[in-house]
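S.K.: give the three-dimensional model of this entry:
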Amino acid sequence: MQERLRSSLLTLLLTASPAATAAPAAQDVPVAEKLTIVLVNVESLQTHEVLRAGDALPNFRYLQSLGTWYTEGRGVLPSHDLAGQAALLTGRYPEENGIAGGMTWRAAGKSPPRLLNRPTDLRAPTLFRIIRRHCPALDTAGVLAQSDAHQLFSSCGEDGQQCSPYSASPRLDFQPKQHAAFEASRGHVPDPVVTAAARAFLPGANLLVLGYADLDSAGHAGAPEAETGIVPGRAFALAQLDTQLGLLIADLQRSNRWQQTILFLASTHGMSWAGPDQSVHVADAIPPGGRDHFLLLGEGGLQSLYLRKRNDADAWATALHLVETLRQQTGIQGAWFTSLHSSLLELRTGTELAPLLLPRSLRARSPLLGDVVLAAGPGYRLLADPPGGQPAGGHHGGLASLRTTLLVSGGAPFLRPQLVTAPGHLMDDSGRVDPLERLPDQPEVVDIAPTIAWLLGLADRPEGQAQSTPGNVLPAFSGRILHEAFELPAVRPLGRCGLP
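M.R.: Presented below is the predicted three-dimensional model:
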């Protein structure tokens, strides 16, 4: 399996051809002096789908021929849209940046569960905020398809009352809810709308951040066909996305900015599908007398269990029994506490409880994620309600959708064309990577922000040296700089804020 995968990847890279829709650069336009960075986030984009499409994605292949393609990237837990995007734009893990889940509940029972989509939820600065402070002359633009993501990364939220010191709207800001094509049922605008807005912003932007959501929506709406393994709608969405990328490339080439452009094409999470009747109804595992102790949120790949009264020893005893039971149940890949409450230490020793604590490598130990976290196994999904029907669509949130893809490409001459795959010893016979393993050389979603900051001359400290945050001092990043994607020292002539 591994050799076939590597062979397919190598063939694709070596046979990559120029973009079908990209126009040659205009000869009468002066070459841009400033660096242009384009960050494209495609929710649930997966390596195997790109490989399967092959020649049907000429612009993907063109970009692959120019840069570094990481076929085995790693997202964050929970592998939800907002948590992944927050990690992408802050370079910090969920336990650090404040966006440690989708829906959350932590208000001593006084408030209902809510989505972590407010600027005031952030606990780490975004790239937009960092650039506004340290490179005020650098023009930024954002076109995010999802309204929740737009609100999270805005200066003060949709109501203007959620102002945060960690967030800042880009100078050129697309507001998806204000567009006529916004689909309230899906919470986002279609991909072509994102591209149209991006092309309008491109002449005035040095950092352009795009978020596409049609591929993800297609995954939620359907299941893989038995004969082909293809999810209806996703192949079309992927081909449409390829066309959108071609339009952006062509605009950059015509304006003679392609030679100074670095384009990051990333996904912050993958997508999983459950087999027929492969559901786990966690609520059924809670003893009837203990259900009042808990609030259960989420479904799909991840569920969070919150204790309604955290000082209730009986509730912790019930939670411990539940965790130990679910860890033995088919369809559950993980059941963990996010912290070791004193009530647990009265029931078990620290040594006995250690395996029940959310693995440190996942960097997601936050009370916002719940007191107990449950992850579905590959091919399964978690349902909060009693049995009553099997949703057909895909899901994410858990370990099975941590796998991502990342491409660092563009027209800049200091990019390094290469293929980077996961180390073989992490793969099983089916080609899956152990989600609990975290290797120093494996690219992660949190690596992108520090790499962009480094390209702008804003993150030059050696790796491993923390940077403080007061005043105008640059913030710390949890991720590493992806030095291997660039020819060094050719990239070093770039000065602060991307100037030559």
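S.K.: so where do the helices sit in the stretch 1-150 of the chain?
M.R.: Using DSSP state H, counting those that start in this stretch, the helices found in the stretch 1-150 of the chain span residues 2-14, 47-53, 58-66, 81-90, 94-97, 127-134, 147-152.
S.K.: now do the third one: distance to the chain's middle.
M.R.: On the basis of CA atoms, centre = their mean, to the nearest Å, helix 58-66 is displaced by 22 Å from the centre of the chain it belongs to.
S.K.: which residues does residue 332 contact?
M.R.: Contacts for residue 332 (CB atoms under 8 Å, 6 or more residues apart in numbering) come out as 280, 326, 374-377, 380. Where you see a C-beta, it was placed from the backbone N, CA and C, and this is true even at glycine.
S.K.: low-scoring stretches of this protein, by residue?
M.R.: Along the chain, segments meeting pLDDT under 70 span 1-32, 107-110, 385-392, 422-434, 439-440, 460-475, 490-494, 500.
S.K.: need the longest helix for it.
M.R.: Determined from DSSP state H, the single longest helix within the chain is helix 234-254.
S.K.: packing partners of that helix?
M.R.: Applying 3 or more CB pairs under 8 Å, 6 or more residues apart in numbering; DSSP states H and E, one finds that helix 234-254 contacts strand 36-42, helix 47-53, helix 58-66, helix 191-201, helix 214-221.
S.K.: so which bits of that helix are buried?
M.R.: For helix 234-254, the neighbour count (16 or more other CB atoms under 10 Å) marks 234-235, 237-238, 240-253 as buried.
S.K.: what do you get for stretch 50-58?
M.R.: 50, 52-53, 57-58.
S.K.: tell me which two in these are the farthest apart.
M.R.: Greatest spacing in those, by CB to CB: 52 and 58 (15.0 Å).
S.K.: what lies in contact with stretch 175-193?
M.R.: Around stretch 175-193, the neighbours that count as contacts under CB under 8 Å, 6+ apart are 144-148, 150, 158, 212-214, 217, 237, 240-241, 244.
S.K.: starting at the chain centroid, how far to it?
M.R.: Worked out by CA atoms, centre = their mean, stretch 175-193 lies 20 Å from the chain centre.
S.K.: list the buried residues for it?
M.R.: For stretch 175-193, using 16+ other CB under 10 Å, the buried residues are 175-176, 179, 182, 186-193.
S.K.: and those residues, which is closest to residue 304?
M.R.: Closest approach between these and residue 304, by CB to CB: residue 187, at 20.5 Å.
S.K.: if I look at that closest one, how far off is residue 198?
M.R.: 19 Å (CB to CB, to the nearest Å).
S.K.: need the CA coordinates for stretch 283-299. PDB is fine.
M.R.: Presented in PDB, the C-alpha positions along stretch 283-299 are these (Å, rounded to 0.1, in the frame of the first residue of the first chain):
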ATOM      1  CA  ALA A 283     -26.200   8.400  25.600                       C
ATOM      2  CA  ASP A 284     -27.300   4.800  25.800                       C
ATOM      3  CA  ALA A 285     -24.100   3.900  27.700                       C
ATOM      4  CA  ILE A 286     -24.900   6.300  30.600                       C
ATOM      5  CA  PRO A 287     -26.700   4.600  33.500                       C
ATOM      6  CA  PRO A 288     -30.300   5.800  33.700                       C
ATOM      7  CA  GLY A 289     -29.700   7.300  37.200                       C
ATOM      8  CA  GLY A 290     -26.600   9.200  36.000                       C
ATOM      9  CA  ARG A 291     -27.900  11.000  32.900                       C
ATOM     10  CA  ASP A 292     -28.900  14.100  34.900                       C
ATOM     11  CA  HIS A 293     -25.200  14.500  35.800                       C
ATOM     12  CA  PHE A 294     -24.100  15.300  32.200                       C
ATOM     13  CA  LEU A 295     -24.600  17.400  29.100                       C
ATOM     14  CA  LEU A 296     -23.600  15.700  25.900                       C
ATOM     15  CA  LEU A 297     -22.700  17.900  22.900                       C
ATOM     16  CA  GLY A 298     -21.600  17.100  19.400                       C
ATOM     17  CA  GLU A 299     -21.900  14.200  17.000                       C
END
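S.K.: on that earlier part again, want to throw the helices of the stretch 1-150 of the chain into a markdown table with distance to residue 302?
M.R.: Below are the helices of the stretch 1-150 of the chain laid out as a markdown table (distance: least, CB to CB, whole Å):
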| stretch | distance to residue 302 |
| --- | --- |
| helix 2-14 | 27 |
| helix 47-53 | 22 |
| helix 58-66 | 29 |
| helix 81-90 | 10 |
| helix 94-97 | 12 |
| helix 127-134 | 26 |
| helix 147-152 | 17 |
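S.K.: quick one, which of those is nearest to residue 343?
M.R.: Of all those, it is helix 94-97 that lies closest to residue 343, at 21.8 Å by CB to CB.
S.K.: for that closest one, packing partners?
M.R.: Helix 94-97 packs on helix 81-90, going by 3+ CB pairs under 8 Å, 6+ apart.
S.K.: for the residue nearest to the spatial centre of the chain, which non-adjacent residue is closest in space?
M.R.: Taking CA atoms, centre = their mean, the centroid of the chain lies closest to residue 268, which sits 1.9 Å from it. Nearest residue to residue 268, sequence neighbours excluded (CB to CB, 6 or more residues apart in numbering): residue 84, at 2.7 Å.
S.K.: surely the one you found and residue 75 touch.
M.R.: Yes. Look at residue 84 against residue 75 with CB atoms under 8 Å: they come within range, at 5.4 Å.
S.K.: joint contacts of those two?
M.R.: Joint contacts of residue 84 and residue 75 (CB under 8 Å, 6+ apart) are 268-269, 445.
S.K.: residue 435 should be in a strand, yeah?
M.R.: No. Counting by DSSP: H, G, I helix; E, B strand; the rest coil, residue 435 is not found in a strand; it is coil.
S.K.: burial count for it?
M.R.: For residue 435, the count of nearby residues is 24 (other CB atoms under 10 Å).
S.K.: contacting residues for residue 267?
M.R.: Residues near residue 267 by CB under 8 Å, 6+ apart: 41-46, 73, 75, 404-406.
S.K.: from those residues, pick the one nearest residue 205.
M.R.: Distance to residue 205, by CB to CB, is smallest for residue 41 among those, at 15.8 Å.
S.K.: quick one, what contacts the closest residue in space to the closest one that isn't next to it in sequence?
M.R.: Spatially, and ignoring its direct neighbours in sequence, residue 41 is nearest to residue 211 (4.9 Å; CB to CB, 6+ apart). Contacts here follow CB under 8 Å, 6+ apart; on that basis residue 211 touches 41, 43, 85, 143-146, 149, 194.
S.K.: distance of residue 89 from residue 383?
M.R.: Counting by CB to CB, the gap from residue 89 to residue 383 is 31 Å.
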